[in-house]
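Peer 1: attaching a predicted model along with its sequence, questions to come.
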Amino acid sequence: MELLCAESAPRAPRAGRDPQLLGDRRVLQNLLSLEERYSPRVSYFQCVQRDIQPYMRKMLAFWMLEVCEEQKCEEEVFPLAMNYVDRYLSSVPVQKNHLQLLGAVCMLLASKLRETMPLTVEKLCIYTDNSITPQELLHWELLVLERLKWDLVSVTANDFLPHILHRLALPAGRAPLVQKHAQTFIALCATDYTFVMYPPSMVATGSLGAAVHGLGLAPGDAVTELLAGITGTEVDCLKACQEQIEAALAESLKQASQSQQEFSAKAAAYGGSQPTSTPTDVTDVNL
C-alpha cells in the first residue's frame with residue numbers, strides 16, 4: 001500500500017461543488033444528524049465475530065485499498081466500502097475464508113455508487129487470484145444488500161471535507177492540497193479498526209487538522225478550535241483523534257520504510273531482479 005499525496009491520473013470530469021450548498025449550514029447539520037445511522041457497532045469483534053480478528057480486517061483493508069489505488073477509483077470508494085464491511089461484520093458472523101469475498105462485494109457496491117465506471121465483477125475476481133467466482137460475488141452482493149437493508153448512501157468522512165474546507169480560512173490556492181492530504185489520512189483511518197469508535201465528522205476534522213498542521217499553514221491549536229466549532233466537536237476529543245491520526249501516519253511510514261528495506265534486500269538476493277508483488281499477495285496469508 002502506498003499512501004501518497006501525489007497527483008493522480010486524469011479521471012472522468014465531475015461537476016463542481018455548488019457554493020450555495022456548501023455555504024448552507026443546514027446541509028452540514030443534516031450530515032451530522034445522519035452519520036450515527038451508518039456507524040457500525042464498535043464492539044462487533046467481541047459481540048458478533050468469532051472467527052474474524054482485527055488484524056484480519058486490517059489485512060483485508062490494505063488489499064482493498066491497493067485494489068482501489070491500482071484501479072484509480074475515486075477517493076470516496078475505499079472508505080465507503082470499508083463502511084459496508086464494518087456494518088456487515090457488526091451484524092453477521094463471517095468465516096475467515098469468506099472475508100476477502102465480503103471485501104470484494106463491498107468494493108463493487110461502493111464503486112457503483114461513487115464511480116462513473118464501476119469496478120466489474122470479473123476484474124474483482126481476478127484481484128482475488130480467482131479464489132472466488134463471479135457467481136459467488138453476485139450471490140453475496142444480494143446477501144450484503146439485504147443485511148444493509150439496501151441503504152447504501154452512507155455518510156462517510158469524505159462527505160464532510162468540502163463543507164468544512166469551505167468554512168476554513170486557508171491561504172489562496174491551498175485548499176485542494178489540504179483536501180488531498182486529508183483524503184489520504186481518511187483512507188489510513190479506514191484501514192485501522194480503532195478509528196471505528198470515532199464518528200465520520202471527527203475523522204474528517206481530525207484529518208484536516210493533521211493536514212493543515214503537517215503543511216504548516218496555520219497554528220495547530222487555532223485550527224483545532226476552529227474545526228471543533230464548525231462540527232460542534234469537543235476540542236479535547238478532536239485533539240485526541242488528530243494525535244491518533246498523526247501517530248498512525250508515523251507508524252505507517254515506519255512500516256513502509258521497513259518494507260522497502262526488506263524489498264531491497266530481496267532484490268539484491270535475486271541478483272538485482274525484483275520479486276513480483278501484486279495485490280493478491282494478501283491471499284498468501286490465511287484470511
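Peer 2: In hand now; what should we look at?
Peer 1: can you pull the contacts of residue 162?
Peer 2: 17, 22, 179 (CB atoms under 8 Å, 6 or more residues apart in numbering). (Each C-beta comes from the backbone N, C-alpha and C, glycine too.)
Peer 1: check what pLDDT it gets.
Peer 2: The model reports residue 162 with a pLDDT of 92.
Peer 1: try residue 20
Peer 2: 79.
Peer 1: buried residues, whichever helix or strand it is part of. List them.
Peer 2: Using DSSP states H and E, residue 20 sits in helix 19-23. When burial is assessed from 16 or more other CB atoms under 10 Å, helix 19-23 yields no buried residues.
Peer 1: now for it, which elements pack on it?
Peer 2: helix 157-166 (3 or more CB pairs under 8 Å, 6 or more residues apart in numbering; DSSP states H and E).
Peer 1: centre of the chain to the helix it packs on, how far?
Peer 2: 15 Å (CA atoms, centre = their mean, to the nearest Å).
Peer 1: can I get it in PDB, CA atoms only?
Peer 2: Extracted in PDB, the C-alpha atoms of helix 157-166 (Å, rounded to 0.1, in the frame of the first residue of the first chain):
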ATOM      1  CA  ALA A 157     -15.700  11.300   6.500                       C
ATOM      2  CA  ASN A 158     -15.100  12.300   2.800                       C
ATOM      3  CA  ASP A 159     -18.600  13.800   2.700                       C
ATOM      4  CA  PHE A 160     -17.700  16.400   5.400                       C
ATOM      5  CA  LEU A 161     -14.500  17.600   3.700                       C
ATOM      6  CA  PRO A 162     -15.900  20.100   1.200                       C
ATOM      7  CA  HIS A 163     -18.200  21.600   3.800                       C
ATOM      8  CA  ILE A 164     -15.500  22.000   6.400                       C
ATOM      9  CA  LEU A 165     -13.000  23.300   3.900                       C
ATOM     10  CA  HIS A 166     -15.500  25.900   2.700                       C
END
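Peer 1: give me the residues contacting the next helix or strand after it.
Peer 2: Downstream of helix 157-166, the next assigned helix or strand under DSSP H and E is helix 175-190. Here helix 175-190 makes contact (CB under 8 Å, 6+ apart) with 3-5, 61, 65, 75, 78-79, 82, 156-158, 161-162, 165, 168, 170, 195, 198, 203-204, 206-208, 210-212, 214-215, 217, 245, 248-249, 252.
Peer 1: and the helix or strand just after helix 175-190, what's buried?
Peer 2: Under the assignment DSSP H and E, the closest C-terminal helix or strand after helix 175-190 is helix 200-215. In terms of neighbour count (16+ other CB under 10 Å), helix 200-215 has its buried residues at 200-213.
Peer 1: what lies in contact with stretch 213-229?
Peer 2: Applying CB under 8 Å, 6+ apart, the external contacts of stretch 213-229 come out as 164, 168, 170-171, 174, 177-178, 181, 205, 208-209, 212, 233-235, 238-239, 242, 246.
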